[in-house]
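[1] The following block contains a protein sequence and its predicted model.
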Amino acid sequence: MALAAFIIGIPMFFEVGLIMLLPLIFTIARKLEDSNTIKGSAYIAIGVPVIAALCTMHGMVPPHPGPLISVNQFGANIGLTMIYGMICAIPTIIIAGPLYGKFITPRLSVKPE
């Protein structure tokens, strides 16, 4: 799911990507909850990597507002900024998404109504 959010997060803002991915997150999490394959909440296990990827892409990679303002302010090359942003974003997404998701999932219990 982090990979899907990474790809969707490149052209879309965080909010739009999250709204688009929420039905997919809930569908996959319900199926995982029914199969009892995850210790803890499947909603956390699926949602944390998605949110981490979307947040990271929104904060580090143009054409999002923050990186774009920085590019404009410093007169940087937008192509290089995208490349460097993705180079920094990939390990950040891996650590903040699936790895942290596996750590926090057994410790939280979330059941949507």
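    Structure's in. What do you need?
[2] And the residue nearest to H58 when sequence neighbours are not counted, how far from S35?
    Counting by Cβ to Cβ, 6 or more residues apart in numbering, the nearest residue to H58 once its immediate chain neighbours are dropped is F14, at 4.1 Å. Every residue, glycine included, has its C-beta placed from N, CA and C. F14 sits 30 Å away from S35, going by Cβ to Cβ, to the nearest Å.
[3] Of the two, give the one with the bigger neighbour count.
    Using other Cβ atoms under 10 Å as the criterion, F14 and S35 rank with F14 on top: 18 against 9.
[4] Model confidence for that one, exactly?
    If you check F14, the pLDDT there is 94.
[5] Over to M20?
    Turning to M20, the model gives it a pLDDT of 95.
[6] now do T105
    T105 carries a pLDDT value of 93.
[7] list the buried ones in the longest helix anywhere in the chain?
    Longest helix of the chain, by residue count under DSSP state H: helix 14-35. The neighbour-count check on helix 14-35 (16 or more other Cβ atoms under 10 Å) flags 14, 17-18, 21, 25, 28-29, 32 as buried.
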